[in-house]
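Q: Provided below for reference: sequence and predicted model.
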Amino acid sequence: MPPGKSNATTGVGPPKTHLPTPTNAPDTHRTTCNPIPVKDILALPNDVMDTADVEKFLASKLLCLKDQPFTATHLSTILFHITQMSLATLTSVIAAIRAVAFLLQKQVICEITKTAANTLATSLTESISSCLIDHTITALAPHIASIHVASEALSKTAQQVDENLTTTLDKAECLH
């Protein structure tokens with residue numbers, strides 16, 4: 001140890017403790033972070049380049065079971081297992097994290113697609129229903145009107161036949 005410096009083990013002076021001093025000042029530590037765009041990250045060479053490689057890679061590292069769905073619970077378990085991987089195989093750790101990222105991206109896309117499909121189906125169903133009702137009424141209205149006219153004419157004809165029949169029967173009784 002250089003002269004004039006004391007150490008807790010040398011017995012010269014009281015032991016020094018290095019407690020962090022709380023500060024209310026803003027953090028002035030400046031770092032420059034230039035994040036790489038996702039498309040550039042995806043283009044970097046890796047064992048996992050797309051969702052097709054994911055299951056094969058994760059199964060080869062014993063991080064998942066083949067043909068099992070990748071649920072949120074399953075993905076979190078995979079991430080916990082990745083934290084236990086040896087850092088000596090950093091490329092495997094990076095590839096495993098990348099695999100989970102692809103799975104999460106696929107899940108988000110599936111959820112968006114499902115939501116869009118449900119919204120579209122609901123919207124189309126309501127639109128088609130109201131349109132069908134309007135067209136049905138428009139198509140049937142003239143036929144119903146003509147049926148109504150025909151039924152009135154038939155009713156009038158039946159009444160005339162009844163009157164004629166009654167008159168004819170009355171005349172026939174008078175002749176006998």
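A: Done, it's in.
Q: roughly how far apart are Leu42 and Ile147?
A: Computed as Cβ to Cβ, to the nearest Å, the Leu42 to Ile147 distance reads 67 Å. (Each C-beta comes from the backbone N, C-alpha and C, glycine too.)
Q: actually Thr91, not the one I typed
A: On the measure of Cβ to Cβ, Thr91 and Ile147 end up 81 Å apart.
Q: for Ser76, same thing?
A: Here Ser76 is placed at a distance of 67 Å from Ile147 (Cβ to Cβ).
Q: Using the three-state scheme, assign Lys66.
A: Of the three states, Lys66 takes coil under DSSP: H, G, I helix; E, B strand; the rest coil.
Q: If we ignore the residues flanking it in sequence, what's nearest it?
A: Distances taken as Cβ to Cβ, 6 or more residues apart in numbering put Ala59 closest to Lys66, at 5.1 Å, once the chain neighbours are dropped.
Q: Does the one you found lie in a helix or a strand, and which?
A: helix 51-60 (DSSP states H and E).
Q: Likewise for Leu165?
A: Here Leu165 is assigned to helix 90-175, by DSSP H and E.
Q: Let me see the mean pLDDT of that helix.
A: Taken as a whole, helix 90-175 has an average pLDDT of 88.
Q: between that helix and helix 51-60, how many degrees?
A: Inter-element angle recorded for helix 90-175 and helix 51-60: 120 degrees (by axes from the mean of the first three to the mean of the last three Cα atoms, to 10 degrees).
Q: quick one on the thing from earlier: next, count neighbours for the residue nearest to Lys66.
A: If you count neighbours by other Cβ atoms under 10 Å, Ala59 ends up with 14.
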